[in-house]
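Novice: Compute the structure for the input listed below.
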Amino acid sequence: MNIKPLSNYILIEPSKGEDKTISGILLPETAEKERPEQGRVIAVGPGRKTASGKILTLDIKPGDKVLFTKYGPSEIKVENKEYLIAKEEDILAIIE
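Specialist: This is a model prediction of the structure:
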């Protein structure tokens, strides 16, 4: 299935969370983990439309690794795979 975001929305594949804590304690699969704040961009929409009808393209492109707000993006599931859909405003930085 091909997903094409609309407007200034971005489809993100979230990064896997850490399997151990900072102090080195291994976490089991059943442990509740924090929602990730990093991911890889899968697809982007064409951009936001201004009042005059001009489209402002996004600075983010597919393949970028991004840092985003923790609870901004919406979770979706497509073919048993989890993704996030975020607005351009939810993206804080591109990780290089």
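
Novice: From here on, just use CA atoms for contacts and neighbour counts.
Specialist: Fine.

Novice: in this structure, which ranges drop under the pLDDT threshold?
Specialist: Scanning the chain with the threshold set as pLDDT under 70 gives 1, 17-36.

Novice: And the strands in it?
Specialist: 9-14, 38-44, 48-49, 55-56, 65-68, 74-78, 81-87, 91-95 (DSSP state E).

Novice: can you list those strands in a markdown table and add distance to Ile3?
Specialist: Formatted as a markdown table, those follow (distance: least, C-alpha to C-alpha, whole Å):
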| stretch | distance to Ile3 |
| --- | --- |
| strand 9-14 | 8 |
| strand 38-44 | 8 |
| strand 48-49 | 18 |
| strand 55-56 | 20 |
| strand 65-68 | 18 |
| strand 74-78 | 9 |
| strand 81-87 | 11 |
| strand 91-95 | 19 |
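
Novice: Export those as CSV, with columns for mean neighbour count and distance to Asn2.
Specialist: CSV is the format used below for those (neighbours: other C-alpha atoms under 10 Å; distance: least, C-alpha to C-alpha, whole Å):
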stretch, mean neighbour count, distance to Asn2
strand 9-14, 23, 11
strand 38-44, 22, 10
strand 48-49, 16, 21
strand 55-56, 14, 23
strand 65-68, 20, 20
strand 74-78, 11, 10
strand 81-87, 17, 13
strand 91-95, 15, 22
